[in-house]
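Student: below: sequence and its predicted model.
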Amino acid sequence: MNKTQFGVLILSTLLSQAVHIAHASELSVYGLGHLSADMIDDGQLTSNYVTSNSSRLGVSGSYALNENLEAIFQYETGVDLTAQGFNDGNGGADSAGQIFTKGRESYVGLRGNFGKILIGHMPALDQWANDYNLFADQVGDLGNFWEASGVPGRLDNVIYYQTPNYNNFDIAVTYTPEEGEADSDKTIIKSSYNSSDLMLGLAYARIGQSDSFLNDHTSLALTFGYDFGRFTFGGGFQNESDIMGIAGVERDSYSLGGSVKIGHKGILKSQIAFTNSDSENADAQQFAIGYDYLLDKNITIYIAYARTDNDQSVNFSVNGKGHGDKVVPALGDDPNVISLGLVVKFNLSFGLD
């Protein structure tokens, strides 16, 4: 199938879906554009970048089947507003010269008194990495440490179930089958408590390896956050064992952060993170400080500074995960970056018969 035929097929599929969407009870078209100008010092060279950072476009909706059951859907794609391709914070895709990049959280499913069950492309590490991450998609993102050892941000071919919310508490189970590769199935269990001021999260992930000589890569994470009104405080801990299936390879990562409102529209925030390994000279620390200013409820400008200090045997980034133009330093080098960013988002909702 050539590119023209593929494009026609995609367009036909979208048009056919649009006919069905017209009968949905609710429909939302939403998006987020996040661009920044960054000055990055990788420890050896300083360079300037214009970066698209996890920008996105999506359509979501629901179809009421009866009083207690509805079908739900979401189609979301990454967007690279620079059209550079490859590294826009959405997971990486061969999309040079294109606006649309890699698929983000997308699914179809059912929701009712039993909770909800979904099938599609769903979060993995992203289920807990952003529970309290003051620099998500900015420089200093916690994912520079938490995702660096191989737990994916999202998974393909997922079956997902979430219980109903009982007194602010729920449990979600994510499963990805083997699909012809023995022992490569993946399971994630995430429990969450969310009240008006307190957030607690506990997650366990088992990432199967297709090689029978390798162990399962496992991860256990705990997150917390408290909103005092004008102040917030929170952090998290993640332990990884048998990283990439190699027995005895472990890493602990943890973080603490806080924010304070400045006036009616400003937020000053800071976050520190550590990652430690049993291996010699394989630890790192990351520090970030920033100021967000809300021009409008949908428009934010910010300035942020972040730095990563690496031991001799590691080269953790300071501007990776949800932030584009990730720069990987040489082993032992200490990258730092200053970033000026603009975030614009929208959400158009329609009630349909």
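Tutor: Alright, I've got the coordinates.
Student: rest of the way, CA atoms for contacts and neighbours
Tutor: Fine.
Student: so how far is Asp94 from Asp88?
Tutor: 11 Å (C-alpha to C-alpha, to the nearest Å).
Student: with neighbour numbers in mind, choose between those two.
Tutor: Set side by side, Asp88 and Asp94 show unequal neighbour counts under other C-alpha atoms under 10 Å, the larger going to Asp88 at 31 against 12.
Student: name the nearest residue to that one, ignoring sequence neighbours.
Tutor: Leaving aside its sequence neighbours, Asp88 sits nearest to Gly324 (C-alpha to C-alpha, 6 or more residues apart in numbering; 4.0 Å).
Student: who's in contact with Ile207?
Tutor: The contact partners of Ile207, taken as C-alpha atoms under 8 Å, 6 or more residues apart in numbering, are Val151, Ser184, Asp185, Lys186, Thr187, Asp216, His217, Thr218.
Student: adding distance to Asp296, write those residues out as TSV.
Tutor: TSV is the format used below for the contacts of Ile207 (distance: C-alpha to C-alpha, whole Å):
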residue	distance to Asp296
Val151	35
Ser184	46
Asp185	44
Lys186	41
Thr187	40
Asp216	46
His217	43
Thr218	42
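Student: and those, which is closest to Ser36?
Tutor: Lowest distance from Ser36 to the contacts of Ile207 (C-alpha to C-alpha) belongs to Val151, with 26.6 Å.
Student: correct me, but that closest one touches Pro123?
Tutor: No - assessed by C-alpha atoms under 8 Å, Val151 is found out of contact with Pro123, at 10.9 Å.
Student: overlap in contacts, the two.
Tutor: Residues touching both Val151 and Pro123 do not exist when contact is defined as C-alpha under 8 Å, 6+ apart.
Student: where does the prediction get shaky in this protein?
Tutor: Filtered on pLDDT under 70, the chain yields the residue ranges 1-24, 352-353.
Student: spatially central residue for it, please.
Tutor: With distances taken as C-alpha atoms, centre = their mean, the residue of the chain nearest its centroid is Asp126 (4.3 Å).
Student: could I get the full set of helices for the stretch 251-353 of the chain?
Tutor: For the stretch 251-353 of the chain, helices defined by DSSP state H, counting those that start in this stretch do not occur.
Student: let me fix that, I meant to ask about the chain.
Tutor: Listed from the start of the chain, the chain has helices (DSSP state H) covering 3-21, 143-146.
Student: picking that back up, ok, now how distant is the residue nearest to Asp88 from Tyr226?
Tutor: Taking C-alpha to C-alpha as the measure, Gly324 and Tyr226 are separated by 29 Å.
Student: likewise Asn90?
Tutor: Between Asn90 and Tyr226 the distance, using C-alpha to C-alpha, works out to 28 Å.
Student: got it, and Gly150?
Tutor: Between Gly150 and Tyr226 the distance is 29 Å, computed by C-alpha to C-alpha.
Student: just Thr46 next, same as before
Tutor: The gap separating Thr46 from Tyr226 is 37 Å, by C-alpha to C-alpha.
Student: those two - which one has more neighbours?
Tutor: Of the pair Thr46 and Tyr226, Tyr226 is the one with more neighbours under other C-alpha under 10 Å, namely 19 against 12.
Student: name the nearest residue to that one, sequence neighbours excluded.
Tutor: Counting by C-alpha to C-alpha, 6+ apart, Leu198 is the residue found nearest to Tyr226 once chain neighbours are left out, at 4.7 Å.
Student: what sits against that neighbour?
Tutor: If a contact means C-alpha under 8 Å, 6+ apart, then Leu198 has Phe224, Gly225, Tyr226, Asp227 as its contacts.
Student: widest-spaced pair of those residues?
Tutor: Spatial extent of the contacts of Leu198 (C-alpha to C-alpha) is set by the pair Phe224 and Asp227 at 10.4 Å.
Student: who's more crowded, these two?
Tutor: It is Phe224, of Phe224 and Asp227, that has more neighbours when counted by other C-alpha under 10 Å, with 21 against 16.
Student: give the contact list for that one.
Tutor: Taking C-alpha under 8 Å, 6+ apart as the contact definition, Phe224 lies against Asp131, Tyr132, Leu198, Met199, Leu200, Gly201, Gly234, Gly235, Gly236.
Student: surely the second one is in contact with Asp227?
Tutor: Just to be clear, that refers to Tyr132. No - Tyr132 is not in contact with Asp227 according to C-alpha under 8 Å; the separation is 10.9 Å.
Student: Tyr75 reaches Arg56, doesn't it?
Tutor: No - if you go by C-alpha under 8 Å, Tyr75 and Arg56 don't touch, sitting 10.6 Å apart.
Student: comparing these two, which residue is more hemmed in?
Tutor: Per other C-alpha under 10 Å, whichever of Tyr75 and Arg56 has more neighbours is Arg56, with 25 against 18.
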